[in-house]
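Visitor: model this:
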Amino acid sequence: MSREIDYGNLMHSAMRGLIRTVLQDISDNGLPGNHHFFITFDTAHPDVELADWLSDRYPGEMTVVMQHWFDNLTVDEDGFAVTLNFGDSPEPLYIPYDAIRTFVDPSVEFGLRFESADEEPEGFSAVTDPDEEPDHAEEHEEDKKDADVVSLDSFRK
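Guide: The predicted structure follows:
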């Protein structure tokens, strides 16, 4: 019986731990400087909690922006809760780390992308040259601009 090291799951666990650490620091101390986050997550994940009208509007995935206004950010071992403003309507969300597909901080050109089990694992990706950044708590899928995502594999020799 052979045993193998599951590097893909270990990398995802480490990346989710990084997100947890960053969000806990933001919860404790607020967002420093120009930092802000685009967080895309699977709205169909069984542990995601969001208003019915949001899950109806975004049945597969949704990208939220944590920038100028957010409230009640609490971070736990499995995910985080936050209240965001959707068109003058504050809505609480709970997003488990396992539901996150991308986590991007365009202010410092940093990003993580989680590959699903049916895609070839790439570990993590760096985000470069982000376009104009939205100035609101929610980013509609049809409005979001694609960042140039470059796999770090392309820089390996």
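Visitor: alpha carbons only for contacts and neighbour counts from here, please
Guide: OK.
Visitor: Quick check: the gap between Glu91 and Val82.
Guide: Going from Glu91 to Val82 by CA to CA, to the nearest Å gives 8 Å.
Visitor: neighbour-wise, which of these two wins?
Guide: Shown here are Glu91 and Val82; by other CA atoms under 10 Å, Val82 has more neighbours (18 against 15).
Visitor: looking at the sheet around the more buried one, what are its partners?
Guide: Beta bridges link Val82 to Leu93 when assigned by DSSP bridges.
Visitor: In contact with it, which residues?
Guide: Phe70, Asp71, Asn72, Leu73, Thr74, Pro92, Leu93, Tyr94 (CA atoms under 8 Å, 6 or more residues apart in numbering).
Visitor: Report pLDDT for the closest residue to the last one other than its chain neighbours.
Guide: Of all residues not flanking Tyr94 in the chain, Ala81 sits nearest, at 4.2 Å (CA to CA, 6 or more residues apart in numbering). Looking at Ala81, its pLDDT is 97.
Visitor: cool, and the one 3 residues further on?
Guide: The score at Leu84 is 92. That number is its pLDDT.
Visitor: So it: helix, strand or coil?
Guide: For Leu84, the assignment made with DSSP: H, G, I helix; E, B strand; the rest coil gives strand.
Visitor: Pull the number of nearby residues for it.
Guide: 25.
Visitor: cool, His68 as well?
Guide: With other CA under 10 Å as criterion, His68 counts 13.
Visitor: next one: Gly111
Guide: Around Gly111 there are 21 residues (other CA under 10 Å).
Visitor: before we move on, what about Val64?
Guide: Val64, neighbours per other CA under 10 Å, totals 20.
Visitor: Also Met66?
Guide: 23.
Visitor: Which pLDDT value belongs to it?
Guide: 92.
Visitor: Now it: closest residue in space that isn't a chain neighbour?
Guide: Nearest non-adjacent residue to Met66 (CA to CA, 6+ apart): Phe37, at 5.2 Å.
Visitor: I would like a ChimeraX command selecting only the buried ones among the contacts of Val82, please.
Guide: A single ChimeraX command selects the buried members of the contacts of Val82 (16 or more other CA atoms under 10 Å):
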select :70,73,74,92,93,94
